[in-house]
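Novice: This is a predicted model, with the sequence first.
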Amino acid sequence: MAMNNIHLTAGMRSNLVSMQNTAKLMDSTQSKLASGLKVQSALDDPINFFKAQEHRNRANDLESRKDAMSEAVQTVKAANNGIEGLSDMLAQAKSLAQSARSASSTDALQFASQYNEIRSQMTTLAEDSGYKGINLLNGTDEELTVYFDADGDNSITLTGFAGTADGLTVSDVGSTWTSSATETCTTAIDNALTAIDNANSELRTKSKILSSKLNIITTRDEWATNMVNTLEEGADKLTLADMNEEGANMMMLQTRQQLGTTSLSIASQAAQAVLRLF
């Protein structure tokens with residue numbers, strides 16, 4: 001048997017609807033306080049939700065670019081370490097060549113042997129100056145392209161050079177420094193000194209180029225860091241809840257709920273008065 005409908009007074013029904021609305025607002029406020037977000041989905045505010053999502057997507061893309069920029073910085077530093085090491089070795093080789101000018105035939109032979117050993121170590125050093133598979137001292141075929149923006153439209157390319165002894169045209173002197181012909185020996189030493197000076201000049205030029213590009217990369221890395229912070233801050237302003245405001249809202253809603261309960265009790269007193277007639 002079907003139950004008869006329960007009829008509420010207008011006052012009770014009005015209070016009940018008000019309490020239901022208050023409960024919904026309390027649920028919404030509790031969710032904001034728990035998550036810290038005033039916009040959690042597109043249903044809350046589609047415009048701000050998708051704008052914030054766009055900001056965060058771009059920030060994530062820039063973060064990945066920052067990782068690549070950091071790796072590029074390390075690659076350039078590795079190459080620069082190699083250049084500094086090559087410069088030191090060239091200084092040692094130059095000292096040996098200068099000493100050979102006034103040395104005896106036997107001593108000149110020893111100097112030439114040491115010179116050739118340094119030359120061999122220069123090639124080894126250049127070959128060991130790579131970072132994660134990229135060696136900017138391993139020839140012009142070595143390239144590293146660094147992208148700065150999320151779309152990949154802006155970039156810079158680092159091109160390597162031959163930092164080996166052969167690449168710097170520092171040749172093996174063999175036994176030319178101990179030739180019986182003094183003029184030939186002097187010419188060979190002078191040629192070696194000229195090759196060393198030219199190699200040093202080449203290293204300085206390449207070092208300046210790498211330093212210039214390194215400055216560009218570090219500047220863009222700092223820019224990316226600031227831009228990521230700006231985008232994250234913009235997304236937060238669109239979606240984060242004001243915890244002070246939401247806390248105050250919760251207090252007012254709790255008060256409203258208590259008042260609604262009291263009001264509903266008062267509205268039901270008229271119906272309760274009927275019971276007193278029996």
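Specialist: Structure's in. What do you need?
Novice: only C-alpha atoms for contact and neighbour calcs from this point on.
Specialist: Noted.
Novice: Quick check: residue 80 vs residue 144, distance?
Specialist: 15 Å (C-alpha to C-alpha, to the nearest Å).
Novice: what about the two, which has more around it?
Specialist: More crowded of residue 80 and residue 144, by other C-alpha atoms under 10 Å: residue 80, with 21 against 17.
Novice: mind checking pLDDT for the more buried one?
Specialist: For residue 80, the model assigns a pLDDT of 94.
Novice: In terms of helices and strands, where is it?
Specialist: Element membership for residue 80 (DSSP states H and E) is helix 46-101.
Novice: go on, residue 144?
Specialist: Using DSSP H and E, residue 144 maps to strand 143-147.
Novice: ok, for residue 74, nearest residue in space, not its chain neighbours?
Specialist: Distances taken as C-alpha to C-alpha, 6 or more residues apart in numbering put residue 131 closest to residue 74, at 7.1 Å, once the chain neighbours are dropped.
Novice: picking that back up, can you give me the mean pLDDT across the strand holding residue 144?
Specialist: Averaged across strand 143-147, pLDDT comes to 93.
Novice: Run through the helices of the stretch 151-278 of the chain in chain order.
Specialist: Ranges of helices in the stretch 151-278 of the chain, per DSSP state H, counting those that start in this stretch, are 182-239, 243-275.
Novice: want to try CSV for these, with mean neighbour count, mean pLDDT and distance to residue 107 as columns?
Specialist: Converted to CSV, those look like this (neighbours: other C-alpha atoms under 10 Å; pLDDT from 0 to 100; distance: least, C-alpha to C-alpha, whole Å):
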stretch, mean neighbour count, mean pLDDT, distance to residue 107
helix 182-239, 17, 91, 13
helix 243-275, 14, 68, 83
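Novice: Reformat these as a markdown table; add distance to residue 100.
Specialist: What follows is the helices of the stretch 151-278 of the chain, written out as a markdown table (distance: least, C-alpha to C-alpha, whole Å):
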| stretch | distance to residue 100 |
| --- | --- |
| helix 182-239 | 8 |
| helix 243-275 | 80 |
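Novice: These: which one's closest to residue 138?
Specialist: Across the helices of the stretch 151-278 of the chain, residue 138 has its closest neighbour in helix 182-239 (12.9 Å, C-alpha to C-alpha).
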